[in-house]
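J.: sequence plus predicted model, see below.
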Amino acid sequence: MPELPEVETVRLGLLPYLKNKTIKYVEVLYPKHSHLSEIKNQKILDIKRKGKYLIFCLEDYYLISHLRMEGKYFINESIDSLKKHDLVKFYLDDDILIYNDVRRFGVFYLLNKDSDIYNIYPLNKVGSEPFDIKDEELLKKLEGRKDKIKTALLDQSVISGLGNIYVDEVLFLSKINPNRLSSSINKDEVKSIITSSIEVLNKAIKEGGSTIKSFTAFNGEVGHFQNSLKVHGKDDLRCDVCLNYIERIKIGGRSTYYCPTCQKLNKDQKIYGITGGFSSGKTTVINILKKLDESTYSTDAIYKELFDSSNELRREIKKHFKTLDRIKLSKIIFNSKIENEKLKEITHKYILRELFLRIEKDNSKRIFVEVPLLFEGSYNKLFDKTITVLESDEVHQRILKSKNFSIEEDELRNKSQISKLEKSKMSDLILYNNSSISNLEKEVKKLIKELC
Ligand SMILES: [Zn+2]
């Protein structure tokens, strides 16, 4: 469906062709538009736009056109294959302006020139555009609503000109989760919605709108804004900003795309990523946090669960590795860097999706996630802060011994990772693990205090 930028592109395309031309008469080929045959010898003085309505200013009338799903304008000849959907022909001085509409949902209103068009139907139902709406006006409209922000911004009486594609893009730029309640949006967020809307619409107008389905602006011209979209239609792709996977959900029956990290549902929630070298004591830290009633997750534990429960994941692993046997699998990836990367590539999408699905349902103020290869996998941007557990050599040896690992195995594992010192330099906070567990517990408590 054409949205504001597409309609503006149509207007900008038509204007130089039609301004000051005269509509001599109109041939109507579809009964719904028969009222247009009234137009005779009318000069086109201007073409304006309000929201997604085109307004042809004629000498004695305003002709208001809404393209709905698939309405298009062509000058002279339409493409042969589309000819059967030509519904109206406006005969001009030398040319013919053709209105073509495959789905036939488009509408025309013909109003007398003395009508106060902005205050009567249909234009009185069109809210202010992002270009002229005031912060207070939008805030007030949102405060009184019980729906979700995605639904509210699609309501043309709240703000006009934003359709499904552009609302997704605007909410992404404003870092607002589409599932948030309209009434929870604060003044700063309203400001951000307006600024982002102007930015998105201006950019889309400059690029001639988006050609996603069958939209062509005018005379078959296609728009290019679809190449600049950040989230809409990008499910299964990674977010430009944080590298998380874009989610696709339905809100009010409309496909909605968003990034769970950049557009947190619980906006005040802080998510911390905990990492460290092999046998550094990460899991011990997670267990201490659990004991202290903090909310914790482990990507390894999620992987283990999904390995048993997700048919989709199992199918993908089986397809590539020809086995689902854990021992066989770990042998394959231990012996080949390429196969190791392949397994990560297959699994991390499932793990991240599941992790953030659980986090969105978790109302805790703080969330701690154990991610063994946090920096190696470039997961650092998913977290508000990263924490590295840095153990002393003595503690390292103690943990190795308790796990029954040899020094050779330890060296081999460490080789495939960024060194623990490098990790601690890259992270925001360091948790020192250099004596007993009770001492580590004290360090963890100190860290929580710092985070508060
Ligand atoms: Zn993101």
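T.: Here it is on my side, so go on. Numbering: from 1, shown residues only.

J.: the strand ranked longest in the chain packs against which elements?
T.: Assignment by DSSP state E gives strand 42-50 as the longest strand of the chain. When contacts are defined as 3 or more CB pairs under 8 Å, 6 or more residues apart in numbering; DSSP states H and E, strand 42-50 sits against helix 4-18, strand 22-23, strand 53-58. Glycine gets a C-beta too; all of them are placed from N, C-alpha and C.

J.: so what are the domain limits for this structure?
T.: Annotated domains of the chain cover 4-125, 135-258, 270-451 [automatic domain parsing].

J.: and the first one, how far from the chain's centre?
T.: Relative to the chain's own centre, domain 4-125 is displaced by 34 Å; criterion: CA atoms, centre = their mean, to the nearest Å.

J.: what about it, how long is it end to end?
T.: For domain 4-125, the first-to-last residue distance is 15 Å (CA to CA, to the nearest Å).

J.: ok, now stretch 278-295?
T.: Note: stretch 278-295 ends 23 Å apart using CA to CA.

J.: what's in contact with it?
T.: 274-276, 296, 298, 362, 364, 366-368, 370, 372, 389-391, 395-396, 399-400, 403, 405, 410, 413-414, 417, 420, 431, 433, 437, 440-441, 444-445, 448 (CB atoms under 8 Å, 6 or more residues apart in numbering).

J.: for it, buried residues please.
T.: 278-289, 294-295 (16 or more other CB atoms under 10 Å).

J.: remind me which residues of the stretch 51-200 of the chain are low pLDDT?
T.: Counting by pLDDT under 70, the stretch 51-200 of the chain shows low-confidence ranges at 77-82.

J.: list the residues that contact the residue nearest to residue 356 when sequence neighbours are not counted.
T.: Counting by CB to CB, 6 or more residues apart in numbering, residue 260 is the residue found nearest to residue 356 once chain neighbours are left out, at 4.0 Å. Listed by CB under 8 Å, 6+ apart, the contact partners of residue 260 are 177, 244, 247, 356-357, 359-360.

J.: give the buried residues for the longest strand of the chain.
T.: Within strand 42-50, the residues scored as buried using 16+ other CB under 10 Å are 42, 44, 47, 49-50.

J.: and these, which is the shakiest by pLDDT?
T.: Least confident entry in the buried residues of strand 42-50, by pLDDT: residue 50, with 91.

J.: what residues does the stretch 101-250 of the chain have near the ion?
T.: Taking CB under 5 Å from the ion, the part of the stretch 101-250 of the chain that reaches the ion is made up of 239, 241-242, 244.

J.: which pair in these spans the largest distance?
T.: With distances taken as CB to CB, the most widely separated pair in these is 241 and 244, at 8.7 Å.

J.: near the closest residue to residue 134 other than its chain neighbours, how many other residues are there?
T.: In space, and not counting its chain neighbours, residue 134 is closest to residue 128: 7.8 Å by CB to CB, 6+ apart. By the criterion of other CB atoms under 10 Å, residue 128 has 19 neighbours.

J.: give the contact list for residue 128.
T.: 134, 137, 159-160.

J.: keep only the contacts of stretch 278-295 that also lie close to the ion.
T.: Residues of these in contact with the ion (CB under 5 Å from the ion): none.

J.: take those residues and keep only those in strands.
T.: Mapping the contacts of stretch 278-295 onto strands (DSSP E) picks out 274-276, 296, 298, 366-368, 370, 389-391, 431, 433.

J.: which SS class is the residue in the stretch 51-200 of the chain that the ion sits nearest to?
T.: Residue nearest to the ion within the stretch 51-200 of the chain: residue 172 (8.0 Å; CB to the ion). Using DSSP: H, G, I helix; E, B strand; the rest coil, the structure places residue 172 in helix.

J.: please renumber the chain so that the first residue is 475 from this point on.
T.: All right, first residue 475 from here; so that's residue 646.

J.: that one contacts residue 704, doesn't it?
T.: Yes - with contact defined as CB atoms under 8 Å, residue 646 counts as touching residue 704 (5.3 Å).

J.: quick one: which of these two has more around it?
T.: A count of neighbours by other CB under 10 Å puts residue 646 above the other of residue 646 and residue 704, at 27 against 18.

J.: so the nearest residue to that one once chain neighbours are set aside, which of the three states?
T.: Spatial nearest neighbour of residue 646, excluding adjacent residues (CB to CB, 6+ apart): residue 705 at 4.6 Å. Put simply, residue 705 is coil when judged by three-state DSSP.

J.: quick one, helices of the stretch 675-824 of the chain?
T.: Remark: helices assigned in the stretch 675-824 of the chain by DSSP state H, counting those that start in this stretch are 756-765, 773-783, 785-795, 800-809, 811-835.

J.: which residues touch the longest one?
T.: Under the contact criterion CB under 8 Å, 6+ apart, helix 811-835 has outside partners 710, 718-719, 721, 734-735, 739-740, 743, 745, 771, 773, 776-777, 779-780, 784, 786-787, 790-791, 794-795, 803, 806-808, 841, 843, 847, 851, 856, 890.
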